[in-house]
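# Sequence plus the predicted model coming up.
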Amino acid sequence: MTKFVAVLIAYGMLPLCGQTPPSGASVDAIQEFIQAGNLPEAFRLVSDALQLHPKDAGLLNLLGVIHARRNQLAEARKDFERAVALAPGLTPAWQNLARSCQLSPRQQGEGSRCATAAWQHVLAVKPDDPEARFSLAALYQQQGRYADSLRELARLSKDEAARPPALALRCGDLAALNRLPEASEAARRLASAAEFSEADVQPILPALATGGRAATVVVTLVEALDLRGAASPETLRQLVIAYEQVNRLNDARRTLERLAVAEPANPRHLLELARIAYRMHDLEGALGYLGHARDLTPADPQVHFLFGMILVELKLPIDARKSVEKALALDPRNPDYNHAMGSIVLNARDAASAIPYFQTYIAARPEDPRGHFALGVAYFAADDYDNCRNEMEIVSKVPKTETGAAYFLGRIARINQNFDEAALFLERAVRQAPSFAEAYAELANVRMHQDRLDDAKAAIARALSLSPDSFQANSTLLAMYQRAHDPRAQEQAARLQTLDEERGKAMELMLRSVEVKPY
């Protein structure tokens, strides 16, 4: 329960503004029982009095207070609503109605509107009421009415405006309005206040998160709490988010490690640590965190999946496959796991086995062009050119995949000796991606078949300028030398032997476009 809520409850008992005590019960006696915590006796007295005076607004207000003390807020609200309907001038009942609406378990928007209207009614009668001003400012902030919230705070007395809850609201409003220098100054004042506590920060975190602009403000506030030893794990997690937003990844990591030590059975911290370590390019560190998380939650498929994806990046495909297989055993229809397994299998040159995984992915996400493109690559690697063409045509006009689709459609046309068609597709690919070395190498191959040797030389020169060690481009250059009986063929053949054929085949198949990243 936040300090703000506690303040509202503390205002729960107010005098009844000169209401005449009804016969059969003393209002003072009822209030004394309430203050002493003897709610059963207070309830008995109020109930008896209401039998005689069912429309007495003061008694209904007291009944509402009893219900509120019992945390029966819905019943309390009904009591206060009846009280103000019977006696619109009974200000304590309006105050209590506002509090009960503000704490209502009903839908937040409806309760917020009720509380706003009630506090506005109070202020019409008592314009200097600090609780009403502060509460209305808090409600306006929750509703995203940050300028209105600031206006209410400006009407507080100097002393009230300097209190930590009001400073916190001001800080949140300014940050949400992108008035960051003023928000930072308010945060510094708040952080240095003697009574500053976590309860001041928690209600304004949504406003500070608006647009992700106020990360530095969150850092100022939560670091101050942390120095006082007053930051809960949940608030420290907000600090981690803020650190990441301002690219203080080392600080984010250190804070998460503290949380992991404090809550050793909570795998959530380890998963976040793995993600931060991955962002820091510390793959071994990420793997260590995930391994610990896997020990804590061996039945969590996501942990096995992430572990496998890190192993892929560490170029340990056999271990990666085993880990993703565990994820699939736990969640066999998960589209991400199927796409990842298809990628791993395809990179291992087992194209036929990769096809079912990509088909499962497409069944789950038919509108995602990545699935059709990956399936098309698998069909191509399996020499199933008709099905490859079908998949590539599906994504040939999607911006993210049109270049790759044109490349493969060109290769299929070249394999089928439709050289003019192949050239059109490949020219489209290099026009859309001028740095696409493999497409230039394939275009050079087509130009040779068209006996356009000058164009072939130009294309292969472009490919080699973009990727001098491209296995595909160097293979095409060797074919060109051999066709022309060029004496450089022998030297080029020796060079080709030094190049990584496996890497070259991966580039040729554009497998980098099929890979799945863990984060």
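On my side now, so go ahead.
# Run through the residues that contact residue 132.
95, 98, 119, 122, 123, 126 (C-beta atoms under 8 Å, 6 or more residues apart in numbering). C-beta: built from backbone N, CA, C; applies to glycine.
# Packing partners of the helix or strand harbouring residue 76?
Here residue 76 sits within helix 73-86, counting by DSSP states H and E. Packing partners of helix 73-86 (3 or more C-beta pairs under 8 Å, 6 or more residues apart in numbering; DSSP states H and E): helix 57-69, helix 91-102, helix 108-125.
# So which of the ones you listed is nearest residue 165?
helix 91-102 (13.9 Å; C-beta to C-beta).
# Can you check what angle separates the helix holding residue 76 from helix 108-125?
40 degrees (axes from the mean of the first three to the mean of the last three C-alpha atoms, to 10 degrees).
# coming back round to it: CSV for the contacts of residue 132, including pLDDT and neighbour count?
Formatted as CSV, these follow (pLDDT from 0 to 100; neighbours: other C-beta atoms under 10 Å):
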residue, pLDDT, neighbour count
95, 95, 25
98, 95, 27
119, 97, 28
122, 96, 21
123, 96, 18
126, 95, 15
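# Point out where the stretch 151-300 of the chain drops to low pLDDT.
The model of the stretch 151-300 of the chain has pLDDT under 70 over residues 211-212.
# The closest residue to residue 128 other than its chain neighbours: neighbouring residues, count only.
Once flanking residues are discounted, residue 128 sits nearest to residue 157: 7.9 Å by C-beta to C-beta, 6 or more residues apart in numbering. When neighbours are counted by other C-beta atoms under 10 Å, residue 157 registers 12.
# cool, residue 227 as well?
By the other C-beta under 10 Å criterion, the neighbourhood of residue 227 contains 10 residues.
# got the contact list for it?
No contacts exist for residue 227 under C-beta under 8 Å, 6+ apart.
# For residue 402, see how far away it is.
Per C-beta to C-beta, to the nearest Å, residue 227 is found 54 Å from residue 402.
# Kindly report the same for residue 142.
46 Å.
# now swap in residue 33 and tell me
77 Å.
# ok, now residue 372?
12 Å.
# any shared contact partners between those two?
residue 395.
# tell me the domain ranges of the chain?
1-123, 128-247, 333-390, 396-519 (automatic domain parsing).
# could the ones you listed go into a markdown table alongside distance to residue 259?
Listed next are the domains of the chain as a markdown table, based on distance: least, C-beta to C-beta, whole Å:
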| stretch | distance to residue 259 |
| --- | --- |
| domain 1-123 | 21 |
| domain 128-247 | 6 |
| domain 333-390 | 27 |
| domain 396-519 | 19 |
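# For residue 307, which of those is the nearest?
Closest approach to residue 307 among the domains of the chain is made by domain 396-519 (8.8 Å; C-beta to C-beta).
# from the chain's centre, how far out does the closest one sit?
Counting by C-alpha atoms, centre = their mean, to the nearest Å, domain 396-519 is centred 40 Å from the centre of its parent chain.
# Just name the closest of the contacts of residue 132 to residue 193, please.
Set against residue 193, the nearest of the contacts of residue 132 by C-beta to C-beta is residue 119 (25.0 Å).
# Distance of that closest one relative to residue 126?
For residue 119, the distance to residue 126 - C-beta to C-beta - is 10 Å.
# Pull the number of nearby residues for residue 159.
9.
# Just say helix, strand or coil for it.
helix (DSSP: H, G, I helix; E, B strand; the rest coil).
# Contact partners for residue 509?
346, 377, 380, 381.
# go again using 7 Å as the cut-off
377, 381 (C-beta atoms under 7 Å, 6 or more residues apart in numbering).
# where does it land on pLDDT?
Predicted confidence (pLDDT) for residue 509: 72.
# before we move on, the earlier item: list phi and psi for the residue nearest to residue 128.
With angles defined as degrees, to the nearest 10, residue 157 sits at phi -70, psi 160.
# sorry, back to before: who has more neighbours, residue 372 and residue 402?
Neighbour comparison, residue 372 and residue 402: the larger count goes to residue 372, with 25 against 19 (by other C-beta under 10 Å).
# Surely that one touches residue 391?
Yes - counting by C-beta atoms under 7 Å, residue 391 is a contact partner of residue 372 at 4.7 Å.
# residue contacts, the residue lying closest to residue 470 once chain neighbours are set aside?
Distances taken as C-beta to C-beta, 6+ apart place residue 437 nearest to residue 470, at 5.2 Å, with adjacent residues excluded. Contact partners of residue 437, counting by C-beta under 7 Å, 6+ apart, are 463, 466, 467, 470, 473.
# Likewise for residue 320?
308, 311, 312, 344.
# The residues you listed: which two are farthest apart?
311 and 344 (9.4 Å).
# neighbour count winner among the two?
Remark: of residue 311 and residue 344, residue 344 carries more neighbours, 26 against 23, as counted by other C-beta under 10 Å.
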